[in-house]
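**Q** 3D, please:
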Amino acid sequence: MNRFEMLRRLQAGEDALELSIQKWQDIVNGKGDDAAYLNCALCKREHGEVCGGCPVKQKTGKTDCRNSPYIGYCRAEKKLVKLRWAKKELEFLKSLRKKEA
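**A** Just a heads-up that it's a prediction; the model follows:
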């Protein structure tokens with residue numbers, strides 16, 4: 001999913017966390033890329049609020065995805081290492097889904 005598709009779907013009311021999960025699934029599958037906040041539905045939703053109610057910030061206590069696997073992904077240089085971090089980021093985001101009661 002490219003940035004414009006993400007923006008269209010977010011504006012249509014789709015869940016930002018689910019769109020972010022899809023972004024990372026696409027990256028893991030080799031069909032997407034990361035453009036940081038430019039193609040992150042969570043960042044777009046919380047834009048201007050220093051991460052506001054972002055579930056990543058709520059979980060880690062930090063802004064800008066610090067203390068999350070995303071930082072390892074950004075720092076990795078080798079393709080296989082980036083892929084491992086992308087998988088960790090995907091699982092991390094999935095863990096943020098609200099549990100059904």
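**Q** sec struct for the residue nearest the centre of the chain, please.
**A** When C-alpha atoms, centre = their mean is applied to the chain, the residue found nearest the centroid is Ser20 (4.3 Å). Assigned state for Ser20: helix (three-state reduction, DSSP: H, G, I helix; E, B strand; the rest coil).
**Q** just the one 10 residues further on next, same as before
**A** Here Gly30 is coil, with the state taken from three-state DSSP.
**Q** now it: how far from Leu83?
**A** Distance, Gly30 to Leu83, by C-beta to C-beta, to the nearest Å: 9 Å. The C-beta positions use only the backbone N, C-alpha and C, and glycine is treated the same way.
**Q** Which of the two has more residues huddled nearby?
**A** Legend: neighbour count by other C-beta atoms under 10 Å for Gly30 and Leu83, higher for Leu83 (15 against 9).
**Q** Now the more buried one. Nearest residue, chain neighbours left out?
**A** Spatial nearest neighbour of Leu83, chain neighbours left out: Val28 (7.0 Å); criterion: C-beta to C-beta, 6 or more residues apart in numbering.
**Q** same question, Arg3
**A** Asn39 (4.3 Å).
**Q** can I assume that neighbour is in contact with Ser20?
**A** No - judged on C-beta atoms under 8 Å, Asn39 makes no contact with Ser20 at a distance of 9.3 Å.
**Q** before we move on, back to that, retrieve the pLDDT associated with the residue nearest to Arg3.
**A** pLDDT recorded at Asn39 is 94.
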